[in-house]
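Colleague: Predicted model, plus sequence, below.
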Amino acid sequence: MASPSIDSTRVIGDASALAEEQADRVKAAGAADKKRRARRWTGALVRIASLVTFLSIWEFGGGMLDPSLFATPSRVAVASVGMIASGELWQYLAPSLLVMLYGFSIAVVVGILLGLLLARYWVLDTATGFYITFLYSTPMVALIPLIVIWAGHDNAAKTVVLFLFAFFPIVINTYQGVKNVSPELVEVGRAFRCSEGALWRHVVLPAALPFVVTGLRLALGRGLIGMVTADLYMAISGIGYLIVRTASTYQMDKMFVPIVTLGLLGLVLNWLLRLVEIWVAPWTRTGTRD
């Protein structure tokens with residue numbers, strides 16, 4: 001039989017070991033947090049250095065070219081201030097953004113729902129899956145004359161074009177996300193007697209979410225392409241027409257303004273999608289992506 005002194009010594013030793021373990025965890029967490037902050041600062045400095053280098057090369061290299069064929073960042077900045085102050089940029093950008101909102105929203109809803117249905121029901125996948133592959137392989141520009149005949153040249157036709165550009169990455173990535181869910185996770189859910197709805201809410205959808213967000217990002221880029229394509233082929237309006245008009249009159253500084261605007265718009269929208277992903281699924285956040 002152990003003496004009280006031996007028992008108390010053992011308790012003190014266990015408490016000391018536990019305290020040391022907790023201190024090590026706190027120290028490790030602090031070191032990891034410090035490393036993440038240092039990585040963020042390093043990443044920011046690398047981006048700034050890259051941007052400064054790129055703009056410098058553009059400025060000095062572009063200055064050696066014919067101004068009627070190329071524009072430097074300084075000229076583009078001056079032109080952008082003038083176009084924003086006069087309202088010219090917003091006049092052409094607003095209709096395109098409205099089409100982008102309608103077409104992309106419809107593509108998100110239809111694409112995610114159809115992707116889930118195709119992944120869930122084998123018969124539906126077998127019956128309609130090859131249609132999606134066929135249409136995805138067809139250049140969307142080739143369908144524009146048909147869309148013009150059916151829907152005319154107004155915003156409805158441009159919305160259809162943008163929908164077709166954005167729809168397929170969403171439905172395909174959603175489908176693949178559901179199909180790539182680990183069967184072991186599904187079996188564990190069924191072993192705990194999860195209903196079909198609970199299984200989808202707590203197992204399938206969280207596991208497929210990174211694929212869905214990737215599809216949204218791809219669709220966003222293709223949607224911007226579809227937006228400009230619709231402006232070029234279907235109506236004398238929108239930011240695509242602004243690019244063509246300024247290029248045809250050799251206003252290179254003004255031509256680069258909508259192009260840079262589209263690039264910045266894509267960056268901002270992708271950043272917003274990333275924030276939504278972190279808010280909906282915080283477990284997808286990693287130090288290498290932030």
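Modeller: On my side now, so go ahead.

Colleague: give the contact list for the spatially most central residue of the chain.
Modeller: With distances taken as Cα atoms, centre = their mean, Arg217 lies nearest the centre of the chain, 2.6 Å away. By Cβ atoms under 8 Å, 6 or more residues apart in numbering, the residues touching Arg217 are Asn270, Leu273. (Glycine included, C-beta is placed from N, CA and C.)

Colleague: so what's Ala207 up against?
Modeller: Gly177, Asn180, Val181, Ser182, Leu185.

Colleague: how close does the second one sit to Thr214?
Modeller: When you say that, I think you mean Asn180. 12 Å (Cβ to Cβ, to the nearest Å).

Colleague: Who has more neighbours out of the two?
Modeller: Shown here are Asn180 and Thr214; by other Cβ atoms under 10 Å, Thr214 has more neighbours (18 against 12).

Colleague: State the distance from the more buried one to Glu187.
Modeller: 26 Å.

Colleague: now Tyr102
Modeller: 42 Å.

Colleague: which SSE is Gly263 in?
Modeller: Assessed by DSSP states H and E, Gly263 sits inside helix 252-280.

Colleague: Over that helix, what's the mean pLDDT, rounded is fine.
Modeller: What helix 252-280 shows for mean pLDDT is 88.

Colleague: wait, what's in contact with the residue lying closest to Gly223 once chain neighbours are set aside?
Modeller: Take Gly223 and drop its neighbours on the chain: the residue closest to it by Cβ to Cβ, 6 or more residues apart in numbering is Ala166, 4.0 Å away. Contact partners of Ala166, counting by Cβ under 8 Å, 6+ apart, are Gly103, Phe104, Ala107, Val108, Gly111, Ala219, Leu220, Arg222, Gly223, Gly226.

Colleague: repeat for Thr138
Modeller: Contacts of Thr138 by Cβ under 8 Å, 6+ apart: none found.
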